[in-house]
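A.B. asks: Can you look at this prediction? I've put the sequence above it.
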Amino acid sequence: MKLATKLIHAGAEPDPSTGAIMTPIYQTSTYVQEAPGVNKGYEYARSQNPTRKALEDAYAIIENGKYALAFSSGVAATDSVIKLLNPGDEVIAANDMYGGSYRLFTKVWERYNIKFIYVDTTNPENVKAAVTANTKLIWVETPTNPLMNITDIEAMAAIAKQAGAWLCVDNTFASPYLQNPLDLGADIVMHSATKYLGGHSDVIQGCLMMNDKELREKLYFIQKSCGAVPGPQDCFLVLRGIKTLGVRMKAHCENGEKIAHWLRNHAKVAKVYWPGFEDNTGYAIAKKQMHGFGGMISFELKNDSEAEVKRVLSSTHFFSLAESLGGVESLINHPASMTHASIPREERIKNGLSDGLIRLSVGIEDADDLIEDLDKAIG
């Protein structure tokens, strides 16, 4: 089955009682049982819900996996992966990552004696050098948030396998339309479904996809026991969003390419971060493991003073100044003070995230209108 067909039909079966083509919103907390322990496969909505099951089936299918689990947010999904570990275990993580993940790792899980080692994962040798007998998980984003760095997933999978560790790939920026880490050897794929999978900036949700049944059972136990599950309304919204992922991502990619090249040729722009440039150090790997380069772009101005950066951020019209990404509308973001503010400044600067960096989530509006908007703002 081709991807475009998967996206429309994944997890979707007509409702057996009415024939409804869309999965109903099963807004219930519990289910009547015929006798103690005799039920129709559903007991309590924290453990199972038909709307959520349809979405989890869809998640697995579109990521070429066997199993998937839905969570109340991307951070909740990430948290559940870390709960697989024990005190004394070590995690090798990308040094360029979403600030919320970094905050979870450093402010929550380090207190429970989980050690996180941050390295530049674009060079596999850095990861190999960080492996110890206690390494149980390798956590990568590719492309990274917000510097758009590319990590070779197959290389990470080989290192993880040799170390006896899991590899989890945060695939949020790419979406299953552009990249399928399970096919490249990853053990777990994580998405903030709030972004491209939902696609309309109207839902908070996360998910995990995997192929190993035992791993699925461990993660399901955590999901059920800790309870960070999404409600049926949210599941319905993401089920709807997935159906248009293909057409949306095509538009995101087309607009992203036009805007990335336009920014690179702008006299007042110093640098553009986008993996589709042929002279980008990650281009060859991105070309190998991705089906396109996406609509996420970061850039720096030549005049990167605080006043000028703030002026540009506050001067756009179609690019709304807001956190998040991946919706149909375009967003502009200042990582240093917004999405990555939880990372200490010295760490951000050391890893290449300057105070002047501006991040764009390019939407599906007309590209000419978006370029005109940026042109007026940059001046």
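C.D. replies: Structure received.
A.B. asks: Just the element for the most centrally placed residue in the chain, please.
C.D. replies: Centroid check for the chain by C-alpha atoms, centre = their mean gives T172 as the closest residue, at 1.8 Å. Using DSSP states H and E, T172 falls within no helix or strand.
A.B. asks: How about the one 4 residues further on?
C.D. replies: Under DSSP H and E, the secondary-structure element containing P176 is helix 175-178.
A.B. asks: try V189
C.D. replies: Residue-wise, V189 maps onto strand 188-192 under DSSP H and E.
A.B. asks: For stretch 48-68, buried residues please.
C.D. replies: Using 16 or more other C-beta atoms under 10 Å as the test for burial, stretch 48-68 gives 48-65, 67-68. For every residue, glycine as well, the C-beta is placed using N, CA and C.
A.B. asks: where exactly do the strands run in the stretch 251-379 of the chain?
C.D. replies: 269-273, 296-301, 320-321, 331-333, 358-361 (DSSP state E, counting those that start in this stretch).
A.B. asks: Restricted to helices, list the buried residues of stretch 48-68.
C.D. replies: When DSSP state H defines the helices, the subset of the buried residues of stretch 48-68 inside them is 50-62.
A.B. asks: Serialize these to TSV and add fields for pLDDT.
C.D. replies: TSV is the format used below for these (pLDDT from 0 to 100):
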residue	pLDDT
P50	95
T51	97
R52	97
K53	97
A54	96
L55	97
E56	98
D57	97
A58	97
Y59	98
A60	98
I61	97
I62	97
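A.B. asks: any chance of the residues you listed in TSV, plus distance to E141?
C.D. replies: TSV is the format used below for those (distance: C-beta to C-beta, whole Å):
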residue	distance to E141
P50	32
T51	29
R52	26
K53	28
A54	28
L55	23
E56	23
D57	26
A58	23
Y59	18
A60	21
I61	23
I62	19
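A.B. asks: any idea how far the closest residue to G326 other than its chain neighbours is from A76?
C.D. replies: Spatial nearest neighbour of G326, excluding adjacent residues (C-beta to C-beta, 6 or more residues apart in numbering): K195 at 3.0 Å. Counting by C-beta to C-beta, to the nearest Å, the gap from K195 to A76 is 15 Å.
A.B. asks: Could you do I259 as well?
C.D. replies: According to C-beta to C-beta, I259 and A76 sit 32 Å apart.
A.B. asks: cool, and A193?
C.D. replies: Distance, A193 to A76, using C-beta to C-beta: 11 Å.
A.B. asks: now G241
C.D. replies: From G241 over to A76 the distance is 18 Å, taken as C-beta to C-beta.
A.B. asks: quick one, what contacts E110?
C.D. replies: Listed by C-beta atoms under 8 Å, 6 or more residues apart in numbering, the contact set of E110 reads F116.
A.B. asks: try P36
C.D. replies: If you count contacts by C-beta under 8 Å, 6+ apart, P36 has none.
A.B. asks: sorry, back to before: which one of the ones in helices among the buried residues of stretch 48-68 is nearest to Y118?
C.D. replies: Nearest to Y118 among these is Y59, at 28.4 Å by C-beta to C-beta.
A.B. asks: L137 versus the residue nearest to the closest one when sequence neighbours are not counted, what's the distance?
C.D. replies: What sits nearest to Y59 in space, not counting adjacent residues and going by C-beta to C-beta, 6+ apart, is A68, at 3.5 Å. With distances taken as C-beta to C-beta, A68 is found 19 Å from L137.
A.B. asks: mind checking which helix or strand the nearest residue to D202 once chain neighbours are set aside is in?
C.D. replies: Of all residues not flanking D202 in the chain, L237 sits nearest, at 6.1 Å (C-beta to C-beta, 6+ apart). Using DSSP H and E, L237 falls within helix 232-243.
A.B. asks: Show me how far that helix is from its chain's centre.
C.D. replies: How far helix 232-243 lies from its chain's middle: 16 Å, per C-alpha atoms, centre = their mean, to the nearest Å.
A.B. asks: And the average pLDDT for that helix is what?
C.D. replies: In this model, helix 232-243 carries a mean pLDDT of 98.
A.B. asks: tilt between the helix or strand following the strand holding V189 and helix 232-243?
C.D. replies: From strand 188-192 onward toward the C-terminus, using DSSP H and E, the following helix or strand is strand 206-210. Using axes from the mean of the first three to the mean of the last three C-alpha atoms, to 10 degrees, the inter-axis angle of strand 206-210 relative to helix 232-243 is 60 degrees.
A.B. asks: What helices and strands are in contact with strand 206-210?
C.D. replies: Counting contacts by 3 or more C-beta pairs under 8 Å, 6 or more residues apart in numbering; DSSP states H and E, strand 206-210 is packed against helix 50-62, strand 67-71, helix 74-82, strand 188-192, helix 213-226.
A.B. asks: can you rerun that using 10 Å?
C.D. replies: Judged by 3 or more C-beta pairs under 10 Å, 6 or more residues apart in numbering; DSSP states H and E, strand 206-210 is in contact with helix 50-62, strand 67-71, helix 74-82, strand 166-170, strand 188-192, helix 213-226.
A.B. asks: For that strand, could you pull out the residues that count as buried?
C.D. replies: 206-210.
A.B. asks: List the buried residues for the top helix by length along the chain?
C.D. replies: When the chain is parsed with DSSP H, its longest helix is helix 245-264. By neighbour count on 16+ other C-beta under 10 Å, the buried set for helix 245-264 is 245-246, 248-249, 251-253, 255-257, 259-260, 262-263.
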